[in-house]
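# have a look at this fold, sequence not included:
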């Protein structure tokens, strides 16, 4: 297993901002596509964003486009999810994932973090 550890979640008021981080423990971070997903109780895990190995190409879900940004620092083995203008409907557990191909579906990712809770109050 390749450990992925997320951090940065918390409680924020609507309109606020948070930046999530996910650290990859391994020597081959730059060989993985990285993604962020989120999940609320009783619902399937939802795609949020993905980024290419180099970081030059990103894909953002329509539901968060213009508010969320994904980025990575290969020298620090870290992928980020910057979230602004947060809404109560963004409340979820956020997961980072690593995979060997470009993908927006969960089954294409091989490794997952434990998740970090984001709660947006109205």
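Structure's in. What do you need? All figures in this text were calculated on a predicted structure; none of them were measured in a lab. Numbers count the residues shown, from 1 in each chain.
# list the contacts for residue 59?
The neighbourhood of residue 59, defined by Cβ atoms under 8 Å, 6 or more residues apart in numbering, consists of 49, 50, 51, 102, 104. The C-beta positions use only the backbone N, C-alpha and C, and glycine is treated the same way.
# the last one contacts residue 46, doesn't it?
Just to be clear, that refers to residue 104. No: using Cβ atoms under 8 Å, residue 104 makes no contact with residue 46, being 10.0 Å away.
# so what sits against both of those two?
In contact with both residue 104 and residue 46: residue 61, using Cβ under 8 Å, 6+ apart.
# give me every residue that touches the nearest residue to residue 96 once chain neighbours are set aside.
Leaving aside its sequence neighbours, residue 96 sits nearest to residue 22 (Cβ to Cβ, 6 or more residues apart in numbering; 3.4 Å). Applying Cβ under 8 Å, 6+ apart to residue 22 gives the contacts 4, 5, 6, 7, 34, 36, 78, 79, 80, 81, 96, 113.
# which element is residue 22 on?
strand 18-24 (DSSP states H and E).
# show me where pLDDT drops low in the chain?
The chain contains residues with pLDDT under 70 at 1-2.
# quick one: the helices in it?
Here the chain has no helices by DSSP state H.
# which residues of it fall in strands?
4-7, 10-13, 18-24, 33-39, 46-51, 58-60, 68-73, 78-83, 92-99, 111-112, 116-121 (DSSP state E).
# partners of the longest one, with directions?
For strand 92-99, sheet partners with direction are given as strand 33-39 (antiparallel), strand 111-112 (antiparallel), strand 116-121 (antiparallel), following DSSP bridges.
# how many other residues sit next to the nearest residue to residue 25 once chain neighbours are set aside?
Nearest non-adjacent residue to residue 25, counting by Cβ to Cβ, 6+ apart: residue 3, 4.2 Å away. When neighbours are defined as other Cβ atoms under 10 Å, residue 3 has 11 of them.
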